[in-house]
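K.L.:
Give me coordinates for this.
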Amino acid sequence: MKRDRFEPLDTSKVKTYPLSRRESKVSIKDVCTPPVAGMTLNDYFNRLPNILAAKDLKDAVSAVAESVMGKKTVILAMGAHVIKVGLGPLIVDLMERGIVSLVALNGAGIIHDFEMAYIGHTSENVEDVIGGGEFGMAEETSKMLNAAIVDGAKEGLGLGEAVGKMIEDEKLPHRDVSIIAGGMRTGTPVTVHVAVGTDIIHMHPDASGEAIGKSSMEDFRRFAAAVATLKRGVYFNIGSAVLLPEVFLKALTLARNLGHDVDDFTAINMDFMRQYRPETNVVGRPTSKSGRGISLTGHHEIMLPLLFGGVIDAVSEGKKGSKG
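P.N.:
Presented below is the predicted three-dimensional model:
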């Protein structure tokens, strides 16, 4: 090989242009302001940089606060992990403040919510018990939930309302941390969307496929009715990778098919990792023509209190401003 095959390029005639003419993705007006002692969460958010994930978080807070102040619909669709990391009281508080219009859970959500209300602890160690066939075989969880679902179906109730009614009627000792009971007390609908065979209570002889299907179908139609009012509102998918994103896509399609104007809303997905269905069926497709999709990556136990702490502060500041 000849060593002189590639002569070095002569850079003496490179064409340049003024830096001021170039478009830049980062500006000095977007940089952060360092935090100070004693500031509010609203101050904290205002001091974050307007760049990438920090901007997304600020935009999410603003979208929810504006929807709440404009009396628009805010829906939280959540996997059960939100309950398992101790955030039930936060969701109940959001209901009491009137920030949340509807909460949608998967089937596991009612199990962990019930056990917390009934006995104050939940989430078994699957590895320790699955070998002996004991996983999911706690008696009271199946007995009380399946009875509530059967009774509720007979009355024409949705699954969430049926379980919430049982928790309230039985006066379970820790019902103050129950999202479903909180929904009953505050009049905030809690819908439950079940895939048969995915939940521990389906393994028990008292499980009724007919009652589960009937009451969960009732909840789907109520959920779709709330989705139909999402214009200029906010939809959250929190920690559900498959089931709830699919339920949302079908509810949205149903609402639009029936002539509801469900455009110009903000769809937010929050989880510790990004996955196909939430990114496609919540963030992307539903807002492709109008509105906005936001993806927030982080742990629920940190991100949700932070985000809604900002919302509570922003709404409070907004109310003060409107009075002034």
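K.L.:
Where do the strands of the stretch 101-250 of the chain begin and end?
P.N.:
Assigned by DSSP state E, counting those that start in this stretch, the stretch 101-250 of the chain shows strands spanning 102-106, 190-193, 234-238.
K.L.:
Tell me the strands beside the shortest one, with direction?
P.N.:
Listed by DSSP bridges, the sheet partners of strand 190-193 and their directions read strand 102-106 (parallel).
K.L.:
Residues contacting the strand it pairs with, please?
P.N.:
With C-beta atoms under 8 Å, 6 or more residues apart in numbering as the test, strand 102-106 has contacts from 73, 75-80, 91, 95, 113, 160, 179-180, 183, 188-195, 198, 219, 222-223, 226, 240, 243-244, 247. For every residue, glycine as well, the C-beta is placed using N, CA and C.
K.L.:
Now go through the residues you listed and say which are in helices.
P.N.:
Among the contacts of strand 102-106, the members falling in helices (DSSP state H) are 91, 95, 113, 160, 179-180, 183, 219, 222-223, 226, 243-244, 247.
K.L.:
what two of the residues you listed are the furthest from one another?
P.N.:
Greatest spatial distance in the ones in helices among the contacts of strand 102-106: 95 and 243, 22.3 Å, computed using C-beta to C-beta.
K.L.:
between the two, which one's more packed in?
P.N.:
residue 95 (24 against 18; other C-beta atoms under 10 Å).
K.L.:
Could you measure from residue 202 over to residue 221?
P.N.:
Note on residue 202: its distance to residue 221, by C-beta to C-beta, to the nearest Å, is 22 Å.
K.L.:
Can I have the buried ones of the contacts of strand 102-106 as a PyMOL selection?
P.N.:
Buried residues among the contacts of strand 102-106 (16 or more other C-beta atoms under 10 Å), as a PyMOL selection:
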select buried, resi 73+75+76+77+78+79+80+91+95+113+160+179+180+183+188+189+190+191+192+193+194+219+222+223+226+240+243+244+247
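K.L.:
so what's residue 62 up against?
P.N.:
residue 314 are the contacts of residue 62 under C-beta under 8 Å, 6+ apart.
K.L.:
Give me the buried positions along the host helix or strand of it.
P.N.:
Taking DSSP states H and E as the criterion, residue 62 maps to helix 52-69. By 16+ other C-beta under 10 Å, the buried positions in helix 52-69 come out as 56-61, 63-68.
K.L.:
Pipe those residues into JSON lines and attach pLDDT and distance to residue 18 per row.
P.N.:
Converted to JSON lines, the buried residues of helix 52-69 look like this (pLDDT from 0 to 100; distance: C-beta to C-beta, whole Å):
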{"residue": "56", "pLDDT": "97", "distance to residue 18": "32"}
{"residue": "57", "pLDDT": "96", "distance to residue 18": "35"}
{"residue": "58", "pLDDT": "96", "distance to residue 18": "32"}
{"residue": "59", "pLDDT": "96", "distance to residue 18": "32"}
{"residue": "60", "pLDDT": "97", "distance to residue 18": "37"}
{"residue": "61", "pLDDT": "96", "distance to residue 18": "38"}
{"residue": "63", "pLDDT": "97", "distance to residue 18": "38"}
{"residue": "64", "pLDDT": "98", "distance to residue 18": "42"}
{"residue": "65", "pLDDT": "96", "distance to residue 18": "41"}
{"residue": "66", "pLDDT": "97", "distance to residue 18": "39"}
{"residue": "67", "pLDDT": "97", "distance to residue 18": "43"}
{"residue": "68", "pLDDT": "97", "distance to residue 18": "46"}
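K.L.:
now, among those, which is nearest to residue 146?
P.N.:
Nearest to residue 146, judged by C-beta to C-beta, of those is residue 64 at 35.7 Å.
K.L.:
Grab the nearest non-local neighbour of that closest one.
P.N.:
Distances taken as C-beta to C-beta, 6 or more residues apart in numbering place residue 311 nearest to residue 64, at 4.7 Å, with adjacent residues excluded.
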